[in-house]
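S.K.: Mind looking at a prediction? Sequence and model below.
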Amino acid sequence: MMPLKSLVRGLVATLALVGVAAGVQARPFDAIKKSGKIVIATEGQFAPFNHYEGAKLTGFEVEVAEAVAAKLGVKPEWKALSFDALLTGLGQDRWDLVIASHGITDERAKAVTFTEPHYCSGGVIIAKNPAIKTAKDLGGKVIAVQTGTSYQENVKKVSAVKEIKNFPQDTDARSALASGRVDAWVTDKFVALKALKSGPDAGMKMGDFLFIERIAAAVAKGNSSLAGEFNKGLAAIMADGTYAKISTKWFGEDIRCK
Ligand code: LYS
């Protein structure tokens, strides 16, 4: 017979598990709709997609998410957190949706449910030395990337790279290149285009794509009602001209996946 002590311990452990599971139940769309607000998390450090202008959170993805929320009839409540905390928080039911330029990858899709992509882009190579332009040119070089990004994953695949320096924020990786601590920086094409336009980074040149990716918002794994409604809202703003207007405002072009 099982001793009473271990029986009690087992019971407590089971109850804790059930409790935790109940506590982390993602909110389906009808619960979000009923409450009137959707909690959306982003990074706030990735201009021009999600960043601060003074105290105001703004950027292409912030405006896209707000336009989708308006279609769904819910008010967005924003949270800004470090990039590596965003997808994990979905599983803990800390927010309903993440929109922070996540590329759709098989690895991430094991943990979260992606919506339809809201733009297509890719990681480009940026360097001061005009001879560093392609993946082949990264051989023997020191490369800066933001931790936990698809840039890091794809630079890892370039076997001849001398060293990958990881930074908590993409802006730190950019500074490392600006100050000459690394030979190249890999980041999003549109982030690079914006960075290269601004003064302090004069001398940086954008090379080729290292890889391309489809970028999407994410919800808790299996929250298909929310993903489905978000997709409907996204399709609606893509159809009625709202998306094109927001995209043109930030990029001078329409960056939806073709
Ligand atoms: N698109 C990249 C990724 O999927 C970067 C995301 C944003 C980084 N601040 O990892």
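M.R.: Happy to help now that I have it.
S.K.: Only C-alpha atoms from now on, for both contacts and neighbour counts.
M.R.: Will do.
S.K.: count of residues packed around V64?
M.R.: Neighbour count of V64, defined by other C-alpha atoms under 10 Å: 22.
S.K.: actually Q25, not the one I wrote
M.R.: As a burial measure, Q25 scores 14 neighbours (other C-alpha under 10 Å).
S.K.: Surely it is within a helix?
M.R.: No: assessed with DSSP: H, G, I helix; E, B strand; the rest coil, Q25 is coil; it does not lie in a helix.
S.K.: wait, it sits on D96?
M.R.: No: the criterion here is C-alpha atoms under 8 Å, and Q25 misses it with D96 at 10.5 Å.
S.K.: What parts of the chain come near the ligand?
M.R.: Residues of the chain found near the ligand (C-alpha under 6 Å from any ligand atom) are 46, 100-103, 149-150, 170.
S.K.: Any chance of the residues you listed in a markdown table with neighbour count and pLDDT as columns?
M.R.: As requested, these are exported to a markdown table (neighbours: other C-alpha atoms under 10 Å; pLDDT from 0 to 100):
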| residue | neighbour count | pLDDT |
| --- | --- | --- |
| F46 | 19 | 97 |
| A100 | 25 | 98 |
| S101 | 25 | 98 |
| H102 | 21 | 98 |
| G103 | 22 | 98 |
| T149 | 17 | 98 |
| S150 | 23 | 98 |
| D170 | 24 | 97 |
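S.K.: So which of the residues you listed are in strands?
M.R.: 46, 100-103 (DSSP state E).
S.K.: could you dump those to CSV with distance to T113?
M.R.: Below are those laid out as CSV (distance: C-alpha to C-alpha, whole Å):
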residue, distance to T113
F46, 22
A100, 14
S101, 14
H102, 12
G103, 12
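S.K.: and of those, the nearest to A131?
M.R.: For these, the minimum distance to A131 (C-alpha to C-alpha) is 26.8 Å, reached by F46.
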